[in-house]
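Participant: Need a 3D model of the following:
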Amino acid sequence: MSQPGLREVEHEITVSAPAAAVYRLIAEVQNWPRIFPPTIYVDHVEQGEGEERIRIWATANGEAKNWTSRRTLDAEQLRITFRQEVSAPPIASMGGTWIIESLSANESRVRLLHDYRAIDDDAESLAWIDEAVDRNSRSELAALKQNVEAAHAAEDLTFSFEDTVQINGSAKDVFDFVNEAGEWPERLPHVATVRFSEPSPGLQELEMDTRAKDGSVHTTKSYRVTFPHDKIAYKQVTLPALMTLHTGYWTFAPNDQGVAASSQHTVTINTENITRILGADATVEDAKKYVQSALSTNSRATLGHAKDYAERKAA
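Facilitator: Modelled structure (predicted):
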């Protein structure tokens, strides 16, 4: 019998892929920002044999939240149980189970179970959680289905690259330059305007208009998670026309010469817009080169100005 105030719900979807492959995809949390639309970033806190603690940053009903979960992984039974250790208000507790069932050699059923309650069992808060869980569960399962079934096709469309600049300064100063994105219009020539907020410490919303090499202006929106003074991870949720995915991170690694500052990108090309943007004869490889050039140009410009900023401060 359910406890008073405890809500239990289930969502499911059928996927045209082997059950073991689906299980592996869910088990590998580092891929979640690419697989699940609400997920911004996932970080391992602890890892052991069949158990792990992870910290997740994700959007719920348009708001960015973060929480810590403990997971138990059972590769033989194709089950993953999870329980939030620290839930974000208005959630008092949240847990559940992923269950993957084999329907045939190339088809499986994915069941996603949740149990949760609201702080003080507040009815209005519970309705908010109901909506968020339903929306995110449907989004997660639809994205899971799409990404598993299109794995081979997407493999050729997704790529990663990194730019690194050596800076004779401190990691803190370089971190501060990238972290203080609200100052970018004054600091970075390719940034026209910025709308920046930090709803909670270390969790940022960044919307900006940037100028491309051809003079065109593009608007993007990202959620960023900061780890002073080591790393800033982000996920773009408003994307340029040539991308269906853009995640990445800035890293700041101290060394004997100062700090190696890097900008990493993972991108999936939007094939539907290639010919409209680049011309009738343009190919996927053309789009990859164009996107990498545009992103690297902006990243290296940002790192170059961060270098000047940090080296001036060091002097």
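Participant: which residues of the stretch 51-200 of the chain fall in helices?
Facilitator: 123-149, 151-155, 171-179, 184-187 (DSSP state H, counting those that start in this stretch).
Participant: need the strands for the stretch 151-300 of the chain, in chain order.
Facilitator: 158-167, 191-200, 203-211, 217-227, 231-238, 243-255, 258-269 (DSSP state E, counting those that start in this stretch).
Participant: can you list contacts of the fourth one?
Facilitator: Right, the one you point to is strand 217-227. Applying C-beta atoms under 8 Å, 6 or more residues apart in numbering, the contact partners of strand 217-227 are 40-41, 43, 57, 59, 64, 66, 179, 181, 192, 202-212, 232-240, 246. Where C-beta positions appear, they are placed from N, C-alpha and C, glycine not excepted.
Participant: neighbours around Val194, how many?
Facilitator: 17 (other C-beta atoms under 10 Å).
Participant: For it, give its distance to Asn106.
Facilitator: Distance from Val194 to Asn106, counting by C-beta to C-beta, to the nearest Å: 47 Å.
Participant: from memory Tyr309 sits against Phe175, does it?
Facilitator: No - Tyr309 lies out of contact with Phe175 (C-beta atoms under 8 Å); the separation is 10.9 Å.
Participant: So between the two, which is more surrounded?
Facilitator: Phe175 (24 against 20).
Participant: Give me the pLDDT for the more buried one.
Facilitator: Per-residue confidence at Phe175 stands at 98 (pLDDT).
Participant: List the contacts of the closest residue to it other than its chain neighbours.
Facilitator: Distances taken as C-beta to C-beta, 6 or more residues apart in numbering put His229 closest to Phe175, at 3.9 Å, once the chain neighbours are dropped. The contact partners of His229, taken as C-beta under 8 Å, 6+ apart, are Ala171, Lys172, Val174, Phe175, Asp176, Phe252.
Participant: Same question for Leu203.
Facilitator: By C-beta under 8 Å, 6+ apart, the contact set of Leu203 is Trp57, Ala64, Asn66, Tyr223, Arg224, Val225, Thr226.
Participant: Do I have it right that the second one meets Tyr41?
Facilitator: No - in terms of C-beta under 8 Å, Ala64 does not count as a neighbour of Tyr41; the distance is 10.4 Å.
Participant: Would you point out the helix or strand in the chain whose mean pLDDT is lowest?
Facilitator: helix 151-155 (a mean of 61; mean pLDDT, DSSP states H and E).
Participant: Could you list the low-pLDDT ranges of the stretch 201-315 of the chain?
Facilitator: Residue ranges of the stretch 201-315 of the chain with pLDDT under 70: none are present.
Participant: do the same with the stretch 51-200 of the chain
Facilitator: 150-154.
Participant: Spell out the residue ranges of the strands in the stretch 1-150 of the chain.
Facilitator: Under DSSP E, counting those that start in this stretch, the stretch 1-150 of the chain gives strands at 7-15, 39-47, 51-60, 63-74, 79-86, 91-104, 107-118.
Participant: Direction included, what does the first one pair against?
Facilitator: I take that to be strand 7-15. According to DSSP bridges, strand 7-15 forms sheet pairs with strand 107-118 (antiparallel).
Participant: got the angle for the partner strand vs strand 79-86?
Facilitator: Orientation of strand 107-118 against strand 79-86 (axes from the mean of the first three to the mean of the last three C-alpha atoms, to 10 degrees) gives an angle of 20 degrees.
Participant: Any chance of CSV for the contacts of His229, columns distance to Thr268?
Facilitator: Converted to CSV, the contacts of His229 look like this (distance: C-beta to C-beta, whole Å):
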residue, distance to Thr268
Ala171, 30
Lys172, 33
Val174, 28
Phe175, 28
Asp176, 31
Phe252, 26
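Participant: Among these, pick out the one closest to Ala19, please.
Facilitator: Phe252 (41.1 Å; C-beta to C-beta).
Participant: which strands and helices sit next to the longest helix along the chain?
Facilitator: Counting residues, the longest helix found in the chain (DSSP state H) is helix 284-314. Secondary-structure packing of helix 284-314 (3 or more C-beta pairs under 8 Å, 6 or more residues apart in numbering; DSSP states H and E): strand 158-167, helix 171-179, strand 258-269, helix 274-278.
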